[in-house]
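Novice: Need a 3D model of the following:
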Amino acid sequence: MTLTRRVRVRALQTSGMALAMATGAMLIASPAFAQCTPDPTQADAVTTCAATDSNGLVVATYGTTVNVPAGATVLGSGQPGIAVTLPSTDYGSAVSIAVAGRIDGGAQQGISLLWQTPANGYGYYDARMDLTVAQGGSVTGSNAIVVGRSGSGYGSAIATIDNSGTLTGTSGIALLASTPGYGSFAITNRATGTIGAISGTVSTLDNAGTINGGTRSAIDWGTGYAYGTLANSGTITAAGSAATLTNLSSSQALANSGAITNTGSGAAIAGNVLTISNAAGGRIASVGSTAINAATTLALINAGTISGNVVVAANPNYYGSSLVDSRAGTIAGSVRFGSGADTLVAGWNNGLVTGITGAIDGGAGTDTMRVRFTTNATIASAITLPTNFEQLSLAPEADTTATLADGFIAPGLLTIGGSGTVVNRTVLTGTGQVVQVGSYDYDSAPSFTNAGTITTTGGGAYDYAVGVGYYVTRFENSGTINAASGGVSVSASGEVVNAASGTITAANTGVLLFNARFANAGTIRSTNGTGVILSGSSGTDWNNSGLIEGKVAGARISSSLVNTGTITSPNTGVLVDYYGVLDNRAGGTINGGVAGTTTGLFNATVANAGTINGDVALLGSTYSSSYNANRFFALAGGVVNGNLTLGTNDVLVAEFAGSGDGRIAGITGTITATNSTLRYRVRRDTATSLATPAGFASIGYDLYDSATLTLTGTATQAPGLYVPTLTLAGQGVVDLDATIATTSQPAIQITSLLLAPGETQPATRGLTLTSRGALTLDRSDSNIYPYTAVALTGDDTFTNAGTITVRDRVTPSYSSITAIAGGKIVVNSGTITLNNATGVSGALSVTNSGSIVQAAGGGAATGISGVSDVTNSGTIDVAGTAVALTSYAYGTITNSGRIASSGDVAIGVPSYGYSNGTVITNLGGGTIVGGAGTAIRMMGGTIRNAGTITGSIDLAYSSFGGVSYMPATYIAEGGTLAGDLRFGSADDQLIAIDDVIGVTGTIDGGDGLDSFIHARTASGSVALGTLPASLINFEREGVRAIGADTVVTITAANPVAGTVRVSGDGSIVNTATL
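Specialist: Numbers count the residues shown, from 1 in each chain. I've put the predicted structure just below:
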């Protein structure tokens, strides 16, 4: 829409005024036309319209406020009184209009808000206006307000209205959205406010005043769509054939506490999908036959009065569920539902309370009468359902119980809802399902107790007498359930209990349960199927202390079932599925044995401390690994009166006591295994052979109660298997004198105890293991990574008093394998021979009095790597780094033996590691030899040398590049260093005991303030001022007196500049000028 502004100009007629004055006559001027000022409007400024403006106002600026005070009038004169024409290519604050006077557009709109199509390009910004009309103020015209678009585009016009005055339109429509879907109103109509008919989308409504549509609808949403809330506490009325409120958006809920009426033939409210709450005191009425008409679905909560029929279309656009709850109110008319699964909510006061005076018709679909109980009640008579209702639902409130007594007859399927409890003490019968407890409604979590009898006489293979939905607090059976098909089907988050007096008998499955907690102390029996099928998340709480019986199987489980009762079947007692856990405790009996549901079973566990009569078969996949193996625990006191069959990598855990002579304690029959693992539990001092029974590829021992285990023998890893040859766990002492050869897994693996369900790891853990035999790890396949010959935990102490040989024949090898990995304390008094491998890695401390050497002709090896504390009195001699300082701080290395590398540094930080504060003590007789010109390479640290070091020492190394800034100290304690000594960029120290440095090469202090310390062990004098010629970049000197009786006198030929460092536990006398 293009608006042309007509402006009257009042000129000063100076010549006429002069003539009048000359003749002595007086001319009276025409009336003045007051303008809105300023005009044109300005962005973020205020325009005030005083008195009368006869040619309207155009607002094209964002953030403008227009005031029309009381007594002022804005007239359109052929155009809207106020036209808001904001450019859609710009963004800014909404236009605000405050009216206490009058705006009259005449034949045009009082106010227009049109989104403007840009002349060029695209406009994306919505046009917004905030209108406030005070009491006594008014806006009128053909329409009071029009919102929409001036042309095609991407934006909308949005008007927010706060009205205490009058909004009317001579066309019959006060508020009009001229382009539905692209213009909307957010309306607050206060108690004094009056608005005529509204046509267009109302996004929000809060009406305390009057909205009167006359012969039109008071509000017609049309085809627009909105999401906001609608509230009426005032009056909304019309007097025509159209509904007072029509075409309500399906996403909006209407809350009424006022009056919504139609004095014509139309309904009060009509729409497609209606959600209405009519509060106490609220009134919805029509003089016609229908008060509320929903084309598809209706959700109605009525505590007030509805005069007229409530109708849901018989043939809706789509099938949905409707709900009507008028317990606290009155519907003076009939209620007719459509074709969905609808619900009528009733109260109970020794009979049904619906609040409906007329007929009730459920229409097509499966419809439910839901009875809400607010106080405890006993029902001892039949409840008659309205026409075309098929189901009865009982829904007690929280802490309320409804009891079904003799005389009660369910008219069909009985459903249980609410948050309270329903107790059945009578007989409920049906051909198919009789009771449904709960559903997927999270606002409802009922409890149901059957203390009577529930019987079905028919039903298909998948039908159950009782269904238990997801949101249920508790289902309990202390009575009898007899089912011609299935017994109880459960998919719940709550608890299912079959009490000691409870009996569930079904032709098909007795109880089919998913995820709920389960406890059976009574009897569950299937005459032609499985007693119970339990499935759900890992760790679910399932217990049986009663009797479970089935023709096909007693039970089928995929999570944890604890049995202290009896599970029996002429076929299989218990079927175990993936991740299933059967915990048959003392007193528990299983007749029919135990079997996996498939030959590809994995992660299934059976623990038996009771009695299993029959075979146990857990057959894993031929490709299974120890990570998803099936496990059978033959616990103390338990017995399997039958055979045991295990698959590849499956695990048998049994008591060592009672085993032997070809049998395993707790199993009376034969054991068939395929490359499985046997773990014995050792509870007292024991000596045995390492021999592995037939069918087992790995053997293990779990030590309890500080037991001592002595093992001897020979074991060789079978080709193609990925299980350790020997596994140890627990707390105690192991003395091993055995020959073990492996290729793809550790020869010895120390790990955690393998625990049965309900067991916990002890607080004190850790083994003391001594190996006196020969261990070999020989890797030749690049597709496998055995990582170590001996794998320890951080609680273990390991002593090698025999031999360990590790060969890595893979070329290239990207990850080094080791002889010993981990451990709290590692002691080597034997021989470790390496080929392209590492001796000890990741231990807290290592003591070596034996040999860690590289095999003759073998690939470069590393002696020790990543160990905090190393004590060596033996030999560490390799071609790689002898002791690698891999990423740790404040470690110690004490050497009185030989640490040597023929091709690398003897002790050092690798290119990817770091060290900080490491202390190396090379005692007298100790030898450290580097094979690449450098003996020791560190990032700072301390070296005490009383032995022999061959090769330079680099204390300035940094794996991050450049020079280290870590402080370093070298203490010459009478040892020799055949090479250079280099410090980094920190403040470093060279301490010479009795002035014997013992370094054949250059000593470079590097950057920083570096000090040469004269240390004396006997009394004497020290002359400052002249450093040894081999020292460069040392800036300070110092004196140290060692020993309480030592007195050192400082002298100097010339004054000494700078700081002199003094230290020690003796006495120092200064005679120099400092």
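Novice: Okay, helices next: where are they in this structure?
Specialist: For the chain, the helices defined by DSSP state H cover 14-23.
Novice: Now the residue nearest to the spatial centre of the chain. Nearest residue, chain neighbours left out?
Specialist: Residue closest to the mean C-alpha point of the chain, counted by Cα atoms, centre = their mean, is residue 537 at 16.2 Å. Leaving out its chain neighbours, the residue that sits closest to residue 537 by Cβ to Cβ, 6 or more residues apart in numbering is residue 515, at 6.1 Å. (C-beta placed from N, C-alpha, C; glycine too.)
Novice: From what I see, the one you found and residue 541 are in contact.
Specialist: No. Contact between residue 515 and residue 541 fails when scored by Cβ atoms under 8 Å: they sit 10.5 Å apart.
Novice: quick one, which of these two is more surrounded?
Specialist: Legend: neighbour count by other Cβ atoms under 10 Å for residue 515 and residue 541, higher for residue 515 (17 against 14).
Novice: Okay, that one and residue 694: tell me how far apart.
Specialist: 42 Å (Cβ to Cβ, to the nearest Å).
Novice: for residue 595, same thing?
Specialist: 22 Å.
Novice: And for residue 460?
Specialist: Residue 460 is 50 Å from residue 694, by Cβ to Cβ.
Novice: Give the burial count for residue 1052, as a bare number.
Specialist: Neighbour number of residue 1052 under other Cβ under 10 Å is 18.
Novice: beta partners for it?
Specialist: residue 1024 (DSSP bridges).
Novice: That one against residue 1073, yeah?
Specialist: Yes. Judged on Cβ under 8 Å, residue 1052 makes contact with residue 1073 at a distance of 6.7 Å.
Novice: For residue 595 and residue 694, work out which one has more neighbours and name it.
Specialist: Between residue 595 and residue 694, counted using other Cβ under 10 Å, residue 595 has the larger neighbour count: 23 against 8.
Novice: residue contacts, the residue nearest to residue 537?
Specialist: For residue 515, the contact set (Cβ atoms under 8 Å, 6 or more residues apart in numbering) comprises 491-493, 535-537, 540.
Novice: Let me see the contact set for residue 1043.
Specialist: When contacts are taken as Cβ under 8 Å, 6+ apart, residue 1043 is in contact with 1017-1018, 1064-1066.
Novice: Let's see that with 6 Å instead.
Specialist: residue 1066 (Cβ atoms under 6 Å, 6 or more residues apart in numbering).
Novice: where does it fall, phi/psi-wise?
Specialist: phi 110, psi 140 (degrees, to the nearest 10).
Novice: ok, so what distance separates it from residue 1066?
Specialist: Counting by Cβ to Cβ - residue 1043 and residue 1066 are separated by 5 Å.
Novice: just residue 683 next, same as before
Specialist: 60 Å.
Novice: Leaving out the residues flanking it, which one is nearest to residue 979?
Specialist: residue 952 (3.5 Å).
Novice: Pretty sure the one you found sits against residue 937.
Specialist: No. Assessed by Cβ atoms under 6 Å, residue 952 is found out of contact with residue 937, at 8.8 Å.
Novice: more crowded one of these two?
Specialist: residue 937 (26 against 23).
Novice: Look up the closest residue to that one, ignoring the ones flanking it.
Specialist: Closest to residue 937 by Cβ to Cβ, 6+ apart is residue 908, at 3.5 Å.
Novice: And residue 680, how close does it get to residue 710?
Specialist: 13 Å.
Novice: quick one, which of these two is more surrounded?
Specialist: Comparing residue 680 with residue 710 by neighbour count (other Cβ under 10 Å), the higher total belongs to residue 680, at 22 against 14.
Novice: can you tell me which residues contact that one?
Specialist: Counted by Cβ under 6 Å, 6+ apart, residue 680 has contacts 656, 701.
Novice: Can you tell me how far it is from residue 131?
Specialist: 87 Å.
Novice: likewise residue 686?
Specialist: Taken as Cβ to Cβ, the span from residue 686 to residue 131 is 93 Å.
Novice: Those two - which one has more neighbours?
Specialist: residue 131 (27 against 17).
Novice: beta partners of the more buried one?
Specialist: Here residue 131 shows beta-bridge partners residue 97, residue 161, assigned using DSSP bridges.
Novice: Return the per-residue confidence for it.
Specialist: Looking at residue 131, its pLDDT stands at 98.
Novice: any idea how far residue 734 is from it?
Specialist: 89 Å.
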